[in-house]
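> no sequence on this one, just coordinates:
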């Protein structure tokens, strides 16, 4: 091992929240050699971000305390520095990039101004022209095309991937020795993520800086890290070289995390159920569906153009199948899912459910059909009405559709529903905010199941969850599908989930379906260039370690 | 083990129970309760005539004899509210029953209550009422319009500046008891705030809710309507109406109500625009729930928090509007109101602190109380702020 740049010894970070003290980081030690990358990996709440913020001392004083520990950066203990001392280190020697590119840049300053500001702060005697030249250089370094022209652009004129590049450029402007990256690609599409990761590896090769890379994605770890630390509840349960941790995990928790990855999950055999159902007529038949959103301009809100969210989509979904709808953000997959349920008004086309046309039906004639088609959502925070008890959320639709003889009977049905999604029946008498993300997603599923539907649209229901919770939800979905003979339209951007779960795969790109077919066929022999690009961009444990 | 405690409690009952948690709201409710009590029982609390007296062996109740139609109706309505509150029925039925009861009471009162047209307060100080076997006087033995100017050397008396008559809060320049006037003014203060804000809230929630939920053309038309009503200067409209149609409390309530809804409509609209794309609202639509449930059960409670604070200020604002009009000398002529009393304090040749402090303090306390209640209500509706979940 070459010489260490950063050495963290027995670091503890306690956070004070009211009278409660949370041991966010509990006695962790690791070191990062010069020019290499250390990945901290763990589930949400495991303390990996707090560890990184402790290193750069960005945690609020008074709330965060360090009862023990040393953070040696070039043999200097950062924890003993005063405010001025740490400010001199921050930005110039240790830089940080954050997860959310949309909010990390100041919207009222041009990107050039934001980068030069960091330069002026750490080099007070730098001339204006020199600062501008260095900014353009660093923008070129992060491969922003026409860097000198984009200097005066504002953040809203850039795409998400470009913004993250600008964030990296800002971090690199002062040529730091250590770059802390806190989930820098989590909010990005997988193809953009692949480009950013490649860029970061190239910059590391060129400049020889070290990286502390925080992620929850083992695929990303496999691509980036020389060294890996696995965190669980503030403790570093396992650390070592990337290959040894990922392929011979010693700690039970690491093994469990790796086993929960969709690509490692054991898929139960469902062939028997499928063959029985497949010759039937399609349950849902979509023809030439278009959903356009008008762009209005001017005094009279004249429609000048349309956003073609869904453009000429035709799709058949057969009973008993799980159809995965894959695509990057903004490709129209969510709009398609909502248009099928008539939550979004289609511009033209036809949607037939069991042969009955849905488009143009009045709310009254649609109501009995709504019972057959339900939806489950992505965001566990907003998918349940925060003001209503779970009981009300579950029994109200039943009452409207005349299920159950009495209120008591409906409560009994709702309890059974909760049990079928593996929750305690007393959870009926709680409010949504009392549950974790995974529990809320289960309740969301229970609500979708409340009316005994035949067809459920699952809109990215596992995207906001940790891998181990995601694995539980996916297994639950498969068992529910078999018990209740459900047909699912599973909208996702996660190829691993698609391969694990679905029978059919549909790939969407810019509002159009570019490829569809059996999941095995689409994922192993992609025909369309976009599908090939998408699949190649997925960070995988196995392929990247060849 | 999880134990279910409040399983059968309705949403409204739960919110009310949580609203009551806290000291501030208790103070606010106590003050409003005091005002309600004073407003309902004003003729029995402050009056020049005996409540009950016995003369030559004949027991009579002059207060009841002189009870006005308004007094009788307010009393009847109060008891109907108590009765309806005791009955175990649904909220909608309660409201309907109360409205029905209040209407019947109004008809009956108009038919059967016929007080003497003229009240001469000096009569009650004549031997016919003083030389009796025994009599029970109200706690404050002065009617609000019982002007004692001729009885005492000067009209203006500071509190406890006794000249044979005890005035807890002093007298105004005509010699009427300030405390008595304060008590009788409660009725105006309460009713104008509640009724004007009620009208405004009703219109605002419906217009704003429809704008926000349907958006598009409904939103555009609604917003133009809101803008038109926002441009109407309430005070000058009130002045105009007073000039044309004379002074009437009810007219004031209606005008403040129908010019005040635009702010509420804006609040509701913004919240609904935000909420309609929320997943749980979409889930409600996907479950085929009726529009009324989507609007009033899934959206309104989630969007009502900013509205409640606005309403508490709105009630306060309506009270202040009435006070302003009365202060300008355009309020109701004979009945005392807090604003009119402030007006008197200012117009008086010398500054008499008791004429400004008591009505001003009452206005302040009432506005403050409504704000406290509004805040508590907002917190109660937000389940995140409450550790009480119905589970123990």
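The structure has been received and is ready for your questions. Everything quoted here is computed from the prediction, not taken from an experiment.

> How about the lengthiest helix in chain B, which residues are buried there?
The longest helix of chain B (DSSP state H) is helix B:178-214. For helix B:178-214, a neighbour-count test (16 or more other C-beta atoms under 10 Å in any protein chain shown) marks B:178-201, B:203-205, B:207-213 as buried. In short, each C-beta sits where N, CA and C put it, glycine included.

> Whether it contacts chain A - can you check?
No. Judged by C-beta under 8 Å from any C-beta of the partner chain, helix B:178-214 stays clear of chain A, getting no closer than 12.4 Å.

> next one: that helix to chain centre, how far?
8 Å (C-alpha atoms, centre = their mean, to the nearest Å).

> what pLDDT, on average, does it get?
Across helix B:178-214, the average pLDDT comes to 89.

> Identify all contacting residues around stretch A:8-24.
Residues from elsewhere that reach stretch A:8-24 (C-beta atoms under 8 Å, 6 or more residues apart in numbering or on different chains): A:25-31, A:47, A:50-51, A:54-55, A:59, A:62-72, A:234.

> Can you list which of these are found in strands?
Under the assignment DSSP state E, the contacts of stretch A:8-24 contribute A:25-31, A:64-65, A:70-72 to strands.

> any idea which of those residues is closest to chain B?
residue A:64 (24.0 Å; C-beta to the nearest C-beta).

> Just confirm the closest one contacts residue A:54, I think it does.
Yes. Between residue A:64 and residue A:54 there is a contact under C-beta atoms under 8 Å: 7.4 Å.

> Comparing these two, which shows the higher neighbour count?
residue A:54 (24 against 19; other C-beta atoms under 10 Å in any protein chain shown).

> what's near enough to touch the more buried one?
A:11, A:13, A:25, A:64, A:66, A:71.

> let's go with 7 Å and repeat that
A:11, A:13, A:25, A:66 (C-beta atoms under 7 Å, 6 or more residues apart in numbering or on different chains).

> Can you report how many residues lie near the closest residue to the first one other than its chain neighbours?
Which is residue A:11. Nearest non-adjacent residue to residue A:11, counting by C-beta to C-beta, 6 or more residues apart in numbering or on different chains: residue A:69, 3.5 Å away. For residue A:69, the count of nearby residues is 18 (other C-beta under 10 Å).

> for residue A:336, same thing?
Neighbours of residue A:336 (other C-beta under 10 Å): 27.

> quick one: it and chain B, what's the gap?
Per C-beta to the nearest C-beta, to the nearest Å, residue A:336 is found 15 Å from chain B.

> how about the residues of the stretch 201-350 of chain B that lie near chain A?
B:278-280, B:282-283, B:285-290, B:293, B:298, B:301-302 (C-beta under 7 Å from any C-beta of the partner chain).

> ok, now with 6 Å
B:278-280, B:282, B:285-289, B:298, B:301-302 (C-beta under 6 Å from any C-beta of the partner chain).

> ok, of those residues, which one's closest to residue B:331?
Distance ranking of these against residue B:331, using C-beta to C-beta, places residue B:301 first at 37.5 Å.

> isn't there a helix covering the closest one?
Yes. Assessed by DSSP: H, G, I helix; E, B strand; the rest coil, residue B:301 belongs to a helix.

> In three-state terms, label residue A:405 for me.
Applying three-state DSSP: residue A:405 is coil.

> And for it, the neighbour number?
By other C-beta under 10 Å, 8 other residues sit near residue A:405.

> In chain A, where is pLDDT below threshold?
Where chain A drops to pLDDT under 70, the residues are A:1-2, A:268-279, A:298-301, A:542-546.

> Next: the stretch 151-300 of chain B.
B:151-155, B:161-164.

> All the helices of it, residue numbers only.
B:178-214, B:216-230, B:234-245, B:249-275, B:279-286, B:291-293, B:300-303 (DSSP state H, counting those that start in this stretch).

> from the contacts of residue A:54, which two are the most distant?
Farthest pair in the contacts of residue A:54, by C-beta to C-beta: A:25 and A:66, 8.6 Å.

> Pick out whichever of these two has more residues nearby.
residue A:25 (29 against 16).

> Show me which residues of the stretch 401-546 of chain A sit near chain B.
So far as C-beta under 6 Å from any C-beta goes, the stretch 401-546 of chain A lies against chain B at A:426, A:429-431, A:433-434.

> tell me the two of these that are most distant?
Among those, A:426 and A:433 lie farthest apart (C-beta to C-beta), at 16.6 Å.

> Leaving out chain neighbours, which residue sits closest to residue A:164?
residue A:101 (4.2 Å).

> what about that neighbour, neighbour count?
Other residues close to residue A:101 by other C-beta under 10 Å number 26.

> Who are the contact partners of it?
Shown in contact with residue A:101 (C-beta atoms under 6 Å, 6 or more residues apart in numbering or on different chains): A:160, A:163-164.
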